[in-house]
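> Below: sequence and its predicted model.
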Amino acid sequence: MSAQRQPEGLYTAEQRKRRDESRWTLVQAILAPVQFLVFLISLALIGWYFATGEALAAAEISIVIKTLVLYTIMVTGAIWEKEVFGQYLFAPAFFWEDVVSFLVLALHTLYLWAYWMGGFTAEQALLIALAAYFAYVINAAQFLWKLRQARLQMPSSVYLLGEGAQ
C-alpha cells in the first residue's frame, strides 16, 4: 500500500490531526458563513433590483464584495488544503469541490470583468452574477456534504462524547 493512497474515509488519522491543528481550519469555519451571509444579502439586493428597478449600485457593490470574500476563501482554502493534504488544490478528497470552485471563481470573475469593462447591460451583468451564485450554491452543498462525511468518519467515542471530549 502506497503512503500517498487516499483513505476510504475523507481523512487519514494524520490528515485529521493536521486539519484539527491548522489555524486555517478556523479561518475557513469563519469565512464560510460570512460568505453565505454576504451571498444572501447580495441575492436579496439583486432580486430587489429586478423587482423594482431600484438599488442597482447596491446590488453591484454587493456582488463585488461577495467576489472579494470568495477570493479570500479560495486562497485560504488552498493554504488549508496544502497543510492538511500536502497540495494546494485538487487533493483527492476535495477534487470535485475544487473543480466546481474554479467554475464559481470563473463566473464571479466574469461578472467583475463585465462590471468594470462594460459592454453588458446591468441586467446581463446581474444574470452573470446569478449564474455565479447558482454555481456557488452547488459548491456550498458539496462542502456541506463533505463536512457531514467528516463528522460521520469521526471515531465513535468522539462522536458520542462530542469533539471536545477527552
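Received, thanks. Residues are numbered from 1 along each chain as shown.

> hey, let's count contacts and neighbours off CA atoms from now on
Will do.

> Out of the helices and strands in this structure, which is least certain?
Considering only helices and strands, the least confidently modelled element of the chain by mean pLDDT, DSSP states H and E is helix 156-161, at a mean of 43.

> Next one: the residue positioned nearest the centre of the chain from Leu56, what distance?
The residue at the geometric middle of the chain, judged as the C-alpha nearest the mean C-alpha position with Cα atoms, centre = their mean, is Ala140 (5.7 Å). According to Cα to Cα, to the nearest Å, Ala140 and Leu56 sit 26 Å apart.

> Any regions of the protein where pLDDT drops low?
Screening the chain residue by residue with the criterion pLDDT under 70, one finds the ranges 1-8, 154-166.

> Helices of that one, residue ranges please.
Using DSSP state H, the helices found in the chain span residues 13-21, 23-52, 56-85, 95-117, 122-153, 156-161.

> Just name the most buried of those helices.
Using mean count of other Cα atoms under 10 Å, the stretch among the helices of the chain with the greatest mean number of neighbours is helix 56-85 (a mean of 19).

> Output the contacting helices and strands for that helix.
helix 13-21, helix 23-52, helix 95-117, helix 122-153 (3 or more Cα pairs under 8 Å, 6 or more residues apart in numbering; DSSP states H and E).

> what's the last one packed up against?
In this structure, helix 122-153 makes packing contacts with helix 23-52, helix 56-85, helix 95-117, judged by 3+ Cα pairs under 8 Å, 6+ apart.

> For Trp145, which of the ones you listed is the nearest?
In this view, the helices and strands packed on helix 122-153 are compared for proximity to Trp145 by Cα to Cα, and helix 95-117 is the closest at 10.2 Å.

> Against which helices or strands is that closest one packed?
Under the contact rule (3+ Cα pairs under 8 Å, 6+ apart), helix 95-117 is packed against helix 56-85, helix 122-153.

> Mind putting the ones you listed into CSV with distance to Thr12?
Shown next, in CSV, are the helices and strands packed on helix 95-117 (distance: least, Cα to Cα, whole Å):
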stretch, distance to Thr12
helix 56-85, 10
helix 122-153, 10
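
> out of those, which comes closest to Glu97?
Here helix 122-153 is closest among the helices and strands packed on helix 95-117 (Cα to Cα), at 6.2 Å.

> angle of that closest one against helix 95-117?
With axes from the mean of the first three to the mean of the last three Cα atoms, to 10 degrees as the basis, helix 122-153 and helix 95-117 are set at 160 degrees to each other.

> Taking their axis directions, helix 122-153 and helix 13-21 sit at what angle?
For helix 122-153 against helix 13-21, the angle by the same axes, to 10 degrees is 120 degrees.
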